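Asker: Provided below are the primary sequence and the corresponding predicted coordinates.
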Amino acid sequence: MRVFAVTGDCAGCGACLRTCPERAIRPAPRGSPAPLVVLEDRCTGCAECAEVCPVVACVQVEEGEERD
């Protein structure tokens, strides 16, 4: 299944958070490498986050794959 993740390149602008139709993107816990995280169980792989990300920090990954 196709899912997306937010990498450490994230600038924290929140464009993906506001765009996600599944509300799968949330603020990351303190100490995380990126300011936002994708909740895999909610992500449907629509790629809307990747389309609006100005720094290309929303990337497609295999479900369960290790993230940055």
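Answerer: Noted; the coordinates are in hand. Not measured: the values here are computed from a predicted model.
Asker: For the helix or strand Val59 falls within, give the mean pLDDT please.
Answerer: Here Val59, judged by DSSP states H and E, is contained in strand 58-62. Confidence over strand 58-62, taken as the mean pLDDT, stands at 92.
Asker: which strands and helices sit next to it?
Answerer: For strand 58-62, the contact count by 3 or more C-beta pairs under 8 Å, 6 or more residues apart in numbering; DSSP states H and E identifies strand 2-6, helix 48-52 as packing neighbours. C-beta coordinates here come from the backbone N, C-alpha and C atoms, glycine included.
Asker: Which of the ones you listed comes out lowest on mean pLDDT?
Answerer: strand 2-6 (a mean of 92).
Asker: Can you tell me the strand partners of that strand and which way each runs?
Answerer: With DSSP bridges as the criterion, the sheet partners recorded for strand 2-6 are strand 58-62 (antiparallel).
Asker: Return the distance of the strand it pairs with from the chain's centre.
Answerer: 8 Å (C-alpha atoms, centre = their mean, to the nearest Å).
Asker: Show me what it is in contact with.
Answerer: Residues lying outside strand 58-62 but in contact with it, judged by C-beta atoms under 8 Å, 6 or more residues apart in numbering, are 2-7, 16, 38, 45, 47, 49-50, 67.
Asker: Only the buried residues of it, if you could.
Answerer: When burial is assessed from 16 or more other C-beta atoms under 10 Å, strand 58-62 yields the following buried residues: Cys58, Val59, Val61.
Asker: what's the answer for stretch 22-31, then?
Answerer: Within stretch 22-31, the residues that count as buried by 16+ other C-beta under 10 Å are Ala24, Ile25, Ala28.
Asker: so what's the first one scoring on pLDDT?
Answerer: If I follow you right, that is Ala24. Reported pLDDT at Ala24 in the predicted model: 97.
Asker: distance of it from Cys16?
Answerer: Per C-beta to C-beta, to the nearest Å, Ala24 is found 9 Å from Cys16.
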